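In: Here is the input, now give the coordinates:
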Amino acid sequence: MTFRSLLSLFVLEGLDLTLDWSLFADISTRHDLDPFLSDVCLVIMVFCVIGTLTFVLELYLKYMEISKPESDLNPDVFSAATTWLEDIPMIGLGVYVAMTLRSHLSLVLYVKAVYAIFEAVIRLGTLYCRGNRSGDSLRSMYTICTSG
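Out: Numbers count the residues shown, from 1 in each chain. So this is what the prediction gives:
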């Protein structure tokens with residue numbers, strides 16, 4: 001692991017975090033279109049806070065992996081858990097909001113949807129490449145992707 005991997009994680013996860021908070025800001029100004037959106041807005045805020053905390057922790061784990069290679073910390077497992085605990089629910093909430101606001105969709109919703117797909121492809125590609133270097137790509141990907 002290098003500083004470059006820490007920087008790429010910061011950029012990818014930072015963009016995801018920015019999009020999460022942008023979605024919250026967008027929905028918080030639109031909850032007058034549907035009364036139930038105010039409750040959804042609160043749930044989105046909770047997941048944004050969770051995302052912020054996991055972002056900081058994931059950067060710390062990646063830094064520890066770089067600075068102390070002999071450490072038993074595995075940021076990939078934490079990253080997979082973050083995907084299941086924060087990213088997947090945010091995608092579900094985004095889909096719900098998109099279905100609720102059909103005629104009032106914003107650019108933030110479109111960008112968040114495209115980015116979620118992009119991030120998933122990048123993560124799987126990264127896991128595949130790491131597993132491929134160790135000689136057992138499919139088992140490595142399955143273990144990392146299903147842990148969490």
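In: thought H104 was touching T29?
Out: No - taking contacts as C-beta atoms under 8 Å, H104 lies outside contact range of T29: 11.0 Å. Glycine gets a C-beta too; all of them are placed from N, C-alpha and C.
In: tell me the contacts of the spatially most central residue of the chain?
Out: Residue closest to the mean C-alpha point of the chain, counted by C-alpha atoms, centre = their mean, is D87 at 4.3 Å. Residues near D87 by C-beta atoms under 8 Å, 6 or more residues apart in numbering: D16, G51, A116, E119.
In: In helices, which of the residues you listed fall?
Out: Counting by DSSP state H, the part of the contacts of D87 found in helices is D16, G51, A116, E119.
In: could you dump the residues you listed to CSV with pLDDT and distance to T2?
Out: Shown next, in CSV, are those (pLDDT from 0 to 100; distance: C-beta to C-beta, whole Å):
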residue, pLDDT, distance to T2
D16, 88, 21
G51, 91, 25
A116, 79, 26
E119, 78, 20
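In: what comes up buried for whatever helix or strand C129 lives in?
Out: Element membership for C129, per DSSP states H and E: helix 107-134. Going by neighbour count (16 or more other C-beta atoms under 10 Å), the buried part of helix 107-134 is V108, L109, K112, A113, A116, E119, R123, T126, L127, G131.
In: Just send the residues you listed back as CSV, with distance to L42 too.
Out: Formatted as CSV, the buried residues of helix 107-134 follow (distance: C-beta to C-beta, whole Å):
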residue, distance to L42
V108, 18
L109, 18
K112, 18
A113, 21
A116, 21
E119, 25
R123, 28
T126, 33
L127, 33
G131, 39
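In: Of the contacts of D87, which is the nearest to A25?
Out: For the contacts of D87, the closest approach to A25 (C-beta to C-beta) belongs to G51, at 14.0 Å.
In: Verify the stated contact: the closest one with L93.
Out: No - using C-beta under 8 Å, G51 is not in contact with L93; the gap is 11.7 Å.
In: For P75, give me the pLDDT.
Out: pLDDT for P75: 69.
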